[in-house]
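> just coords:
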């Protein structure tokens, strides 16, 4: 810091802060961008923004919460007319540097200053005290206000009024844990994951929706895939086969486990659990080769793992009140091998599956 002060004087602190923020936001925005701390935290990851931009290709788009320009960067060259707006003059100034050539306006998202555009919004999901919030009314700007400003028809709100006019199509990026019942206007709810982590729920108005529910699984290591509720969901319940598959979190949160299983010839271990099984796992995912299984008890599991010379164990739990971090030391393992233990409550009772975790290669068949 002393060297920076000697070279940059009073600009040393903001230069250092910018460098640290750029490092924090790496992978979300291009290197060298101007950022604020809040903008760095909220910026949409580049692959997620690119996926959304592809769905809006050729449309005129207005990003009404453009911040420092992450969504605009993905949309530039893909959308038709492109406008960005924000109330924060500092973020707008940064966006002018980050995405030069895009029309930027200081404007309130609740009073859109464009016509015949798709509105894109990513409201902040923290209260004034900095706590994360799940209530759409507490978003900044409020979600209902965005919907009303766009003129999107809301069942129950405009019921009986004869109002059917929509001034703008709307897509909103929000938290993946949002209850869909709180957003009845959303004709499509899309859960999006990146590299195994569920990043967002994208809410699409009727003019943009192509299905009711969608899970989009993105990867920085290869092609992704999508599953929708329009697909076959014939996925029976049966005992475990050679493999156990734990579907991506986006598939689970979107309620599309049956569709995913049917696509890959899998079956469910239990009607109420997201675990799937089959004779071969889908390509490109982490699956678990079943070595042996039986009724779960801590004593039996300890004996089985010791017999298999297991010293390091990953424990996955579904439907049972078991804390893996508390169970692991009680097993007192000292072997030389690794294993994955899947604990699940089935209709028949608690079951333990001792497995070998395997990640298969990516298949072109799962390209989105």
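Alright, I've got the coordinates. Since the model is a prediction, treat every value here as computed from it, not as a measurement.
> Low-confidence stretches in the stretch 251-368 of the chain?
Where the stretch 251-368 of the chain drops to pLDDT under 70, the residues are 360-368.
> residue ranges of the strands in it, please?
For the stretch 251-368 of the chain, the strands defined by DSSP state E, counting those that start in this stretch occupy 267-268, 276-278, 286-295, 310-318, 337-346, 349-359.
> between those, which gets nearest to residue 214?
strand 276-278 (18.9 Å; CB to CB). C-beta coordinates here come from the backbone N, C-alpha and C atoms, glycine included.
> partners of the closest one in the sheet?
When sheet partners are counted by DSSP bridges, strand 276-278 sits next to strand 243-245 (antiparallel), strand 267-268 (antiparallel).
> what does that strand contact?
235, 238-247, 257, 260-261, 264-269, 290 (CB atoms under 8 Å, 6 or more residues apart in numbering).
> Restricted to helices, list the residues you listed.
Among the contacts of strand 276-278, the members falling in helices (DSSP state H) are 257, 260, 261.
> Could you find the closest non-adjacent residue to the first one?
This means residue 257. Leaving aside its sequence neighbours, residue 257 sits nearest to residue 274 (CB to CB, 6 or more residues apart in numbering; 4.9 Å).
> what does the last one give?
Computed as CB to CB, 6+ apart, the closest residue to residue 261 that is not its neighbour in sequence is residue 235, at 3.8 Å.
> Count the residues that sit near the residue nearest to residue 257.
The number of residues packed near residue 274 is 22, by other CB atoms under 10 Å.
> Correct me if wrong: it contacts residue 248.
No. Using CB atoms under 8 Å, residue 274 is not in contact with residue 248, being 10.1 Å away.
> For residue 38, the count of nearby residues, please.
By other CB under 10 Å, neighbour count at residue 38 equals 16.
> err, residue 45, not the other one
21.
> ok now do the closest residue to it other than its chain neighbours, which residues does it touch?
Once flanking residues are discounted, residue 45 sits nearest to residue 28: 4.9 Å by CB to CB, 6+ apart. By CB under 8 Å, 6+ apart, residue 28 lies in contact with 40, 43, 44, 45, 46, 70.
> With residue 174 instead?
122, 123, 125, 136, 139, 143, 200, 201, 202, 203.
> I'd assumed residue 125 was in contact with the fifth one.
What that stands for is residue 139. Yes. Using CB under 8 Å, residue 139 is in contact with residue 125, at 5.7 Å.
> Of those two, give the one with the bigger neighbour count.
residue 139 (24 against 21).
> how close does the more buried one get to residue 214?
22 Å (CB to CB, to the nearest Å).
> Could you verify that residue 217 is part of a helix?
No. Assignment of residue 217 by DSSP: H, G, I helix; E, B strand; the rest coil gives strand, placing it outside any helix.
> Begin at 669 from now on, thanks
Got it, the first residue is 669 from now on, which makes the last one we talked about residue 885.
> Enumerate the beta-bridge partners assigned to it.
On the basis of DSSP bridges, residue 885 is bridged to residue 861, residue 893.
> swap in residue 1006?
Using DSSP bridges, the bridge partners assigned to residue 1006 are residue 980.
> list the contacts for the closest residue in space to residue 936 that isn't next to it in sequence?
Nearest non-adjacent residue to residue 936, counting by CB to CB, 6+ apart: residue 905, 4.8 Å away. Residue 905 makes contacts with 935, 936, 937, 938, 939, as judged by CB under 8 Å, 6+ apart.
> Residue 859: which of these is nearest?
Taking these together and measuring to residue 859 by CB to CB, the closest member is residue 936, at 19.3 Å.
> Just to check, that closest one is in contact with residue 927?
No. Taking CB under 8 Å as the definition, residue 936 is not a contact partner of residue 927, at 11.9 Å.
> Who has more neighbours out of the two?
residue 927 (21 against 18).
> I figured the more buried one hits residue 895, correct?
Yes. In this structure, residue 927 is within contact of residue 895 by CB under 8 Å, at 5.2 Å.
> For the stretch 719-868 of the chain, give me the ranges with low pLDDT.
Checking the stretch 719-868 of the chain against pLDDT under 70 turns up 795-798, 821-834.
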